[in-house]
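**Q** build me a model:
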Amino acid sequence: MSERNKILYELQAEICYALSHPVRLEILDLLSQNERTSSELLAILDIPKANLSQHLAVLKDAGIIKTRKEGQFQFAFLAIPKIKEACSLVRGILAERIEDDEKRMGKKKKNLNQQVKS
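**A** Below you'll find the model as predicted:
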């Protein structure tokens, strides 16, 4: 494996780790709409301030978000706008999977009901 590919896999793993928590995914979804202050994120997410700080640090360390200070407020925003597309792609795949599972379960239920009636 080339050194470049090794580096790419390591960076990809960092981003995947940063995306591996539902709260961080929700933060990214919110930031994909527009930049937000920590106070806004706290109000929307309804989590302790310490937890938000940890989640923002993970996303920032992975290079997914950046922050800027304006007066007393610190705004968070997407550093990699394409991350929204990546998250949407994964959500679409998962939605299809849920739909397929529901169809399979519906067929199993129908078959089971037919067996019970027989």
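
**Q** contacts, neighbours, all on C-alpha from now
**A** OK.

**Q** and the pLDDT for Lys49?
**A** We have a pLDDT of 95 for Lys49.

**Q** that one is in contact with Glu40, isn't it?
**A** No: here Lys49 does not reach Glu40: they are 11.3 Å apart, not a contact under C-alpha atoms under 8 Å.

**Q** just the element for Val23, please.
**A** Taking DSSP states H and E as the criterion, Val23 maps to helix 22-33.

**Q** what sits up against the helix or strand following that helix?
**A** Beyond helix 22-33 on the C-terminal side, the first helix or strand identified by DSSP H and E is strand 36-37. Identification of contacts with strand 36-37 by C-alpha atoms under 8 Å, 6 or more residues apart in numbering yields Leu30, Phe73, Gln74, Phe75, Ala76, Phe77.

**Q** which single one of these is nearest to Glu102?
**A** Lowest distance from Glu102 to these (C-alpha to C-alpha) belongs to Leu30, with 28.4 Å.

**Q** the closest one - how many residues pack around it?
**A** 18 (other C-alpha atoms under 10 Å).

**Q** so for the protein, the centremost residue is which one?
**A** The centroid of the chain falls nearest to Leu25 when counting by C-alpha atoms, centre = their mean (2.3 Å).

**Q** phi first, then psi, for the spatially closest residue to it that is not a sequence neighbour.
**A** Excluding the flanking residues, the one nearest Leu25 by C-alpha to C-alpha, 6 or more residues apart in numbering is Leu19, at 6.0 Å. For Leu19, the backbone dihedrals (degrees, to the nearest 10) come out as phi -90, psi 0.

**Q** Leu19 and Arg97: what is the separation?
**A** 19 Å (C-alpha to C-alpha, to the nearest Å).
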